[in-house]
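Engineer: sequence and predicted structure below; questions after.
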Amino acid sequence: MLKDKDIGYILHKVSMLAKNNFSNKLNAIGITTRQFAVLKDLYYYQKKELDSGLSPASIAERLECDRPTISGIIDRLENQGWVERFDNPDDKRSVIIKVTNKAIDKLQELEKMHSEYRDTIVKGFTEEEINDFRNYLFRVVNNLKEMQ
């Protein structure tokens, strides 16, 4: 049982456990948490924006990640057949990334796994507690962003 009451330590422990446990589930099917984040972001953007994709720079900005890291993730996803690159009609120096049908089919399975994992994380919480918890975490995120 966790006994340390330092909020920074608790946040670190929660983050580490949540990421490691979910990473293990994803790794079992050959995908990383960052790859999942990119696929999910692309998929929901494409769905919302009627099949348009995103540039690597946009993906990096949306996921608050550096561009070289995102480029590497996109390269690996493309090699595995999860995404495709297309010429960007608005900028000849850039490309647009879109998820493939293979990814769309797999994302349904991944979303189910993710939903079940979220349910495990908040097991025993009431809906009100879950909403309060989410709001507290948003406030922590905003506080930390103000420090940047």
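Structural biologist: Arrived safely, thanks for sending.
Engineer: can you tell me the closest non-neighbouring residue to the spatially most central residue of the chain?
Structural biologist: Nearest residue to the geometric centre of the chain (C-alpha atoms, centre = their mean): Ala37, 2.5 Å. Nearest non-adjacent residue to Ala37, counting by C-beta to C-beta, 6 or more residues apart in numbering: Leu63, 5.8 Å away. (Each C-beta comes from the backbone N, C-alpha and C, glycine too.)
Engineer: phi and psi next, for that neighbour.
Structural biologist: phi -100, psi 10 (degrees, to the nearest 10).
Engineer: confidence score at it?
Structural biologist: With respect to pLDDT, Leu63 scores 93.
Engineer: okay, now it: neighbour count?
Structural biologist: The local packing of Leu63 (other C-beta atoms under 10 Å) involves 16 other residues.
Engineer: how much space separates it from Leu39?
Structural biologist: Leu63 sits 11 Å away from Leu39, going by C-beta to C-beta, to the nearest Å.
Engineer: any low-confidence regions in the chain?
Structural biologist: Regions of the chain meeting the criterion pLDDT under 70 cover residues 1-4, 50-51.
Engineer: strands of that one, start to end?
Structural biologist: 83-87, 95-99 (DSSP state E).
Engineer: adding distance to Glu49 and mean neighbour count, write those out as CSV.
Structural biologist: Listed next are those as CSV, based on distance: least, C-beta to C-beta, whole Å; neighbours: other C-beta atoms under 10 Å:
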stretch, distance to Glu49, mean neighbour count
strand 83-87, 14, 15
strand 95-99, 11, 20
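Engineer: could those strands go into JSON lines alongside distance to Leu77?
Structural biologist: Shown next, in JSON lines, are the strands of the chain (distance: least, C-beta to C-beta, whole Å):
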{"stretch": "strand 83-87", "distance to Leu77": "4"}
{"stretch": "strand 95-99", "distance to Leu77": "8"}
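Engineer: out of those strands, which is closest to Pro56?
Structural biologist: Shortest distance between Pro56 and these, using C-beta to C-beta, is found for strand 95-99: 6.4 Å.
Engineer: just checking, what packs against that closest one?
Structural biologist: helix 33-48, helix 56-62, strand 83-87 (3 or more C-beta pairs under 8 Å, 6 or more residues apart in numbering; DSSP states H and E).
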